[in-house]
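[1] pasting the structure only:
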């Protein structure tokens, strides 16, 4: 099955349009802080052009009421929780109709122990590198051996549980020139890109978006 692609860190509706036309499955906007932080108006414009494509809000603090207020104002359809999440928050968000992605920030193999818990209730579990002082991956690539180990641990967790099967998302430093190799190596369900398709923080490059999607969605079945 072809991998799904999320283009994240969007601030401009025209960039969202390019991503959609190139074949993106999800779009992402950042509320968590940093140079890609969106305004409510920017999110509404992105949601308008997205149509049926889910827009996910990257959130840095587990604040249910703030998330729901922003959802009601801007219309995004899901959240990606970087600031920590417990099962009760996940259930509350899902009961309010939101997709929920939980995040594993990995520095080494010791971080894999938390993956089984993150599978509970999630629509997707996103793995990315842990970078000191940064909420996200900051354009740093996740070691692919560690990512492959995370994929194996993720699959074992689902085999051992009867919970809904989440999708496995890979993020961190992916670019048009590295995404195909990452997909072959890790076999994620979703790849997530932000800085790898930018000309400046929050400003996407249409050519890089198109090339990234072409590489990600290419037939990778042959060795």
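    Cool, the structure landed. Because the structure is predicted, anything quoted here is derived from the model rather than measured.

[2] need the longest strand for the protein.
    Of all the segments of type strand in the chain, defined by DSSP state E, the longest one is strand 99-106.

[3] what's it in contact with?
    For strand 99-106, the external contacting residues (CB atoms under 8 Å, 6 or more residues apart in numbering) are 54, 56, 77-82, 85, 90, 93-94, 111-112, 114-115, 118, 121-130, 142, 146-147, 150, 166, 169. Bear in mind the C-beta positions are built from the backbone N, C-alpha and C, glycine included.

[4] so which of these are in helices?
    The helices, defined by DSSP state H, take in 90, 93, 94, 115, 118, 146, 147, 150 from the contacts of strand 99-106.

[5] these two touch, right, the fourth one and residue 122?
    This points to residue 115. No: with contacts counted by CB atoms under 8 Å, residue 115 stays clear of residue 122, the gap being 10.5 Å.

[6] quick revisit: quick check: buried residues in the longest strand of the chain?
    By neighbour count on 16 or more other CB atoms under 10 Å, the buried set for strand 99-106 is 99, 100, 101, 102, 103, 104, 105, 106.

[7] can you tell me the centre-most residue of this structure?
    Central residue of the chain (CA atoms, centre = their mean): residue 192, 4.9 Å from the mean position.

[8] please report how far that one lies from residue 63.
    Noted for residue 192: a distance of 22 Å to residue 63, by CB to CB, to the nearest Å.

[9] then residue 50?
    Distance check for residue 50 against residue 63: by CB to CB, it reads 24 Å.

[10] higher neighbour count, these two?
    Between residue 50 and residue 63, counted using other CB atoms under 10 Å, the more crowded position is residue 50 (22 against 13).

[11] pLDDT wise, what is that one at?
    Turning to residue 50, the model gives it a pLDDT of 97.

[12] do the same with the one 5 residues further on
    Confidence at residue 55, expressed as pLDDT, is 98.

[13] ok, residue 216 next?
    Looking at residue 216 specifically, the model assigns a pLDDT of 96.

[14] now for the helix or strand that contains residue 28, which elements pack on it?
    When secondary structure is defined using DSSP states H and E, the element that contains residue 28 is strand 26-30. Taking 3 or more CB pairs under 8 Å, 6 or more residues apart in numbering; DSSP states H and E as the contact definition, the neighbouring helices and strands of strand 26-30 are strand 4-7, helix 13-22, helix 40-50, strand 55-59.

[15] confirm the residue nearest to the centre of the chain sits in a helix?
    No: the assignment for residue 192, made by DSSP: H, G, I helix; E, B strand; the rest coil, is strand rather than a helix.

[16] that older thread, reformat the ones in helices among the contacts of strand 99-106 as a markdown table; add pLDDT.
    Conversion of the ones in helices among the contacts of strand 99-106 to a markdown table gives the following (pLDDT from 0 to 100):
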| residue | pLDDT |
| --- | --- |
| 90 | 92 |
| 93 | 95 |
| 94 | 95 |
| 115 | 87 |
| 118 | 88 |
| 146 | 94 |
| 147 | 94 |
| 150 | 94 |
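
[17] ok, so of the residues you listed, who is nearest residue 43?
    Sorting those by how near they are to residue 43, with CB to CB, puts residue 93 at the top with 16.9 Å.
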